[in-house]
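1. After the sequence you'll find the predicted model.
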Amino acid sequence: MSVTRHFSDTRTDEGRVRVLVRAGQVVVEAEGPGWRHHSVHPDLADATLELAWLPALSARLYGAVMQEIERQLRLNRAAGGFGDTDLPGAA
């Protein structure tokens, strides 16, 4: 059975981006007024690169997503749990 772990959820007036980890992959679900995106990636680096290239995703929302991901990585490392080296494809 594949368990999905919620990693981050960023919301602004411009849209929402969720990052999930499932079965050794990073899943990105993003949406905003008039657009929606879903993709699956081997690691967090690939997922954030995909987000950077999405034409509908504003620079402001992308920046907020990156700040939230960094915050989650710090919190998880501090708690001795799921850190950046535990993410699929991370070194």
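-> Looks like it came in fine. Numbers count the residues shown, from 1 in each chain.

2. And the strands in this structure?
-> 4-12, 15-22, 25-32, 35-41 (DSSP state E).

3. Show the average pLDDT along the first one.
-> I take that to be strand 4-12. Averaging pLDDT along strand 4-12 gives 91.

4. For this protein, which residues score under the pLDDT cut-off?
-> 1, 81-91 (pLDDT under 70).

5. what sits opposite the residue nearest the centre of it in the beta ladder?
-> The geometric centre of the chain, computed from its C-alpha atoms, lies nearest to Val19 (Cα atoms, centre = their mean), at 3.2 Å. Per DSSP bridges, the residues bridged to Val19 are Ser8, Val28.

6. quick one, what contacts it?
-> Phe7, Ser8, Asp9, Val26, Val27, Val28, Leu44, Ala47, Val65, Ile69 (Cβ atoms under 8 Å, 6 or more residues apart in numbering). The way it works is simple: take the backbone N, C-alpha and C, and place the C-beta from them, glycine included.

7. ok, the closest residue to the last one other than its chain neighbours - how many residues close by?
-> Nearest residue to Ile69, sequence neighbours excluded (Cβ to Cβ, 6 or more residues apart in numbering): Ser8, at 5.5 Å. Ser8 is surrounded by 18 other residues when neighbours are defined as other Cβ atoms under 10 Å.

8. Between the strands of the chain, which one is closest to Ala79.
-> strand 4-12 (13.7 Å; Cβ to Cβ).

9. list the helices and strands that closest one packs on?
-> The contact analysis (3 or more Cβ pairs under 8 Å, 6 or more residues apart in numbering; DSSP states H and E) places strand 4-12 against strand 15-22, helix 59-78.
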